[in-house]
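Engineer: One predicted model, sequence on top.
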Amino acid sequence: MTLLPETARQIDTRVAQAQADGHTPSLVLGVVRDGTLAHVAVAGEDPHPDVDLQYRVGSISKTMTATLIMQLRDAGRLALDDRLEQHLPGTGVGDLTLRQLLGHASGMQREPEGDWWERAAGVDLTTLLADVGADKIAYPPHRAYHYSNLAYGLLGGLLERLTGTPWADLLDERILTPLGLRRTTYAATEPYARGYVVHPWHGTLREEPRTDTGAMAPAGQLWSTIEDLGRWAAFLADPDPSVLAAETLTEMCAPVVISDLDSWTGGHGLGLELYRDGERVYVGHGGSMPGYVAALVVHRPTRTAVVAFANSYGFPITGLGRQLLTTVLDAEPAFPQPWRPATAAPDAESAELTGRWWWMGTSLDLTWDAGDLVAHVRGERVSRFTAEGTDRWRGRSGPENGEVLSVLRDDSGRAAAVDIATFVFTRSPDEVP
């Protein structure tokens, strides 16, 4: 799928203008739709960007670290409410939970001690942990959102200690290779863009060091290309179940903490940032390392995303990515999925349940779809139920997810009412259950 010419031109123009106004040596932005890179816009010549040119992704690395944690959770190796001490003992902050660390709700200070870790050579895990104590908790956990790179260094250490495999090897084995992210690497691999700080008064470039961040790598080490980052965005929109279950990724997108309590425009899930734009909610992450910035913004309902890189520190790339994702969705709404006729009719007992039911003047329409009952309340709130036994159905999506629908029969065996979590719906609005 490609963008319409007028949409593509609008994206190209906005990217060119942003590069010129933002004084970044190079800028590349990709639009992902339905799992493929639908359009790439480039600007700047230092170097000239293309889909296979590496940039540093910075904190987008955290989304992959969080995915590794969730894989282990799904495998029964840990629980999100486990204390850190259970898996990484002796840190001095062991009462913090994995959920708090993943969601930046732990109160952990932002950075480790010492030289600024993003610009200095990293230390090994033992050295990092030796300097972590109770004094690293800036304020009581879960009082408010507080972003912490150090938290992700600890989560990376947990992964290594629990699996016996270094974070980078675990990442390659469990995510990069299965998803074909061949150009996403721990260290820069040619061809790659050099990263710069642009002088504010005379526009000259200062090349920044490309450090190995050691034990802090899980917070921001990785390098990638617009093509690979587009594949990762497609995964976050619609995951490969051999890597991560769809329901687990949906769980990662639920807010752990709201970062903007005044207007609720942002928050943080389990490793993913959440952004509200009007009636839409995007998920993703921004990234920065000395000389580089990156953006990953995904609208999961439409499987549409924007990914972007620039090679100058401080360029406002995440805001640009969010704006252009909105531009694409406004200009080209997702094409509706076609209705397809059912391949088989329901059995008699299930067919009897379809139709309209009533509770306190509120209508409930039950329809049949691929073996499930689908409930529509007032034509708006939609829940899907799967048979769990005779006259018993379990909600598995929508507002009634997890609740039970029970069929109540009269003396003749006729379905006289349906009970959803104690709300009893009858066939007539005049009946009182």
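Structural biologist: Structure received.
Engineer: going forward, measure contacts and count neighbours with C-alpha atoms only.
Structural biologist: Noted.
Engineer: Can you give the domain ranges for this protein?
Structural biologist: Annotated domains of the chain cover 5-331, 348-426 [automatic domain parsing].
Engineer: can you pull the alpha-carbon coordinates of the longest helix belonging to the chain into CSV?
Structural biologist: The helix that spans the most residues within the chain, counting by DSSP state H, is helix 5-22. The C-alpha trace of helix 5-22 is given here as CSV (Å, rounded to 0.1, in the frame of the first residue of the first chain):
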residue,chain,number,x,y,z
PRO,A,5,0.1,11.4,-4.2
GLU,A,6,-1.3,14.5,-2.5
THR,A,7,-0.7,13.0,1.0
ALA,A,8,2.9,11.9,0.0
ARG,A,9,3.6,15.4,-1.2
GLN,A,10,2.3,16.9,2.0
ILE,A,11,4.6,14.6,4.0
ASP,A,12,7.6,15.3,1.8
THR,A,13,7.1,19.1,2.2
ARG,A,14,6.7,18.9,5.9
VAL,A,15,9.8,16.8,6.3
ALA,A,16,11.8,19.2,4.1
GLN,A,17,10.6,22.2,6.0
ALA,A,18,11.3,20.6,9.4
GLN,A,19,14.9,19.7,8.2
ALA,A,20,15.5,23.3,7.1
ASP,A,21,13.9,24.9,10.1
GLY,A,22,15.5,22.5,12.6
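Engineer: Check the domains of the chain for me and report the most buried one.
Structural biologist: Mean neighbour count (mean count of other CA atoms under 10 Å) peaks for domain 5-331 among those, with a mean of 20.
Engineer: for that domain, what is the average pLDDT?
Structural biologist: Averaged across domain 5-331, the pLDDT comes to 96.
Engineer: what distance separates that domain from the centre of its chain?
Structural biologist: 10 Å (CA atoms, centre = their mean, to the nearest Å).
Engineer: what about it, start to end distance?
Structural biologist: The first and final residues of domain 5-331 sit 11 Å from each other (CA to CA, to the nearest Å).
Engineer: now swap in stretch 425-433 and tell me
Structural biologist: Span of stretch 425-433 from end to end, CA to CA: 7 Å.
Engineer: Need the contact partners of it.
Structural biologist: 356, 357, 358, 359, 360, 361, 364, 416, 417, 418, 419, 424 (CA atoms under 8 Å, 6 or more residues apart in numbering).
Engineer: for stretch 239-257, same thing?
Structural biologist: By CA under 8 Å, 6+ apart, the list of residues contacting stretch 239-257 from outside reads 67, 70-71, 74, 99-100, 103-105, 142, 144-145, 174-175, 178, 236, 238, 267-272, 274, 283.
Engineer: mind listing which of those are in helices?
Structural biologist: Mapping these onto helices (DSSP H) picks out 67, 70, 71, 74, 99, 100, 236.
Engineer: Distance check, the fifth one against residue 160.
Structural biologist: Meaning residue 99. From residue 99 to residue 160 the distance is 18 Å (CA to CA).
Engineer: quick one: contacts for the nearest residue to residue 4 once chain neighbours are set aside?
Structural biologist: Leaving out its chain neighbours, the residue that sits closest to residue 4 by CA to CA, 6 or more residues apart in numbering is residue 332, at 8.0 Å. Taking CA under 8 Å, 6+ apart, we find residue 332 in contact with 3, 4, 7.
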